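Participant: Generate coordinates for the sequence data below:
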Amino acid sequence: MATIRKRGNSYQIRVSCGYDTSGNQVIQTMTWKPADGMNKKQIEKELQKQAILFEDKCMKGQVTANIKFQDFAEQWFEEYAKLNLRNTSYERMKQLTVRVYPAIGHLRLDKITSRHIQQFINDLALNGKSLKNGRPLSRKTAVHHLSFISDVFSYAVKMEMLTDNPCKRVTVPKGEKKEKDIYTLEEVAQLFQLLETAPLKYLPHFLYFGDIQRIQTWRNAWS
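Facilitator: Presented below is the predicted three-dimensional model:
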């Protein structure tokens, strides 16, 4: 039930929304100020109306002011992941929280922007290191982290707590492009000399790997 406190010329409406993962009570608040000219009876009537509407929004999860990402993610694990994911997928998602929670877990769910998530993913993809061997993380690892964050936000949207998933506008960096190892003109000439004298039984091997077409192109350029 909502409680109302008068503060100066405005009123504070407070609603208890249960407890977070640390056992602390979650309190949602809003401030309502009467319009000029309202008499005492009108104020009382409108104040009760605002309190009922605010409490209803809180009960439906439409007010997220004090809910941090980590707290809601833990709710997602209990309410959705544990019931719908395989054990291996559930445990893998849990492992991803090791990096996600320190980065955005302390932020309010409704205050996290695409930019917050993009910065985290960029840092993970470009500077992240394996906790086991210290090697650079693969792009696939960054994709998995983004997928986890997106799943949590999608659940919030489905529960009508948010109207948008900020992960939709986040891009995982492609990573460094590897240089192709190609033949030099001298190597092409040497290879063709070998091909002209090599037994025909070796020809299928070159055809299989697609080298004949490339070599013919280079030979024409060489000529």
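Participant: where does this structure have low pLDDT?
Facilitator: 20-22, 60-66, 175-183, 188, 191-192, 194-195, 198-223 (pLDDT under 70).
Participant: Which parts of it are helices?
Facilitator: Assigned by DSSP state H, the chain shows helices spanning 40-59, 69-76, 82-84, 87-100, 114-127, 139-158, 185-197, 203-208, 211-222.
Participant: most packed of those?
Facilitator: Most buried of these, by mean neighbour count (mean count of other C-beta atoms under 10 Å): helix 69-76, with a mean of 22. From N, CA and C alone the C-beta is placed, and that goes for glycine too.
Participant: Check which helices and strands it sits against.
Facilitator: helix 87-100, helix 139-158 (3 or more C-beta pairs under 8 Å, 6 or more residues apart in numbering; DSSP states H and E).
Participant: nearest spatial neighbour of residue 93, skipping sequence neighbours?
Facilitator: The shortest distance from residue 93 to any non-neighbouring residue, by C-beta to C-beta, 6 or more residues apart in numbering, is to residue 148 (5.4 Å).
Participant: same check, this time on residue 50
Facilitator: In space, residue 50 is closest to residue 32, 4.8 Å off (C-beta to C-beta, 6+ apart).
Participant: re the thing from before, need the helices and strands packed on helix 69-76 in TSV (columns: distance to residue 46).
Facilitator: Formatted as TSV, the helices and strands packed on helix 69-76 follow (distance: least, C-beta to C-beta, whole Å):
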stretch	distance to residue 46
helix 87-100	42
helix 139-158	30
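Participant: Quickly list what the closest residue to residue 29 other than its chain neighbours is bridged to.
Facilitator: Closest residue in space to residue 29, ignoring its immediate chain neighbours: residue 14 at 5.1 Å, by C-beta to C-beta, 6+ apart. Taking DSSP bridges as the rule, residue 14 bridges to residue 3, residue 29.
Participant: what about residue 14, neighbour count?
Facilitator: When neighbours are defined as other C-beta atoms under 10 Å, residue 14 has 16 of them.
Participant: Touching, it and residue 1? I think so.
Facilitator: No: taking contacts as C-beta atoms under 8 Å, residue 14 lies outside contact range of residue 1: 10.0 Å.
Participant: Could you list the buried residues of stretch 14-31?
Facilitator: By neighbour count on 16 or more other C-beta atoms under 10 Å, the buried set for stretch 14-31 is 14-15, 17, 20, 26, 28-30.
Participant: Now the two most distant members of those residues.
Facilitator: Farthest-apart pair in the buried residues of stretch 14-31 is 20 and 30; separation 19.3 Å (C-beta to C-beta).
Participant: how far away is the nearest residue to residue 1 once chain neighbours are set aside from residue 49?
Facilitator: Nearest residue to residue 1, sequence neighbours excluded (C-beta to C-beta, 6+ apart): residue 55, at 7.2 Å. According to C-beta to C-beta, to the nearest Å, residue 55 and residue 49 sit 11 Å apart.
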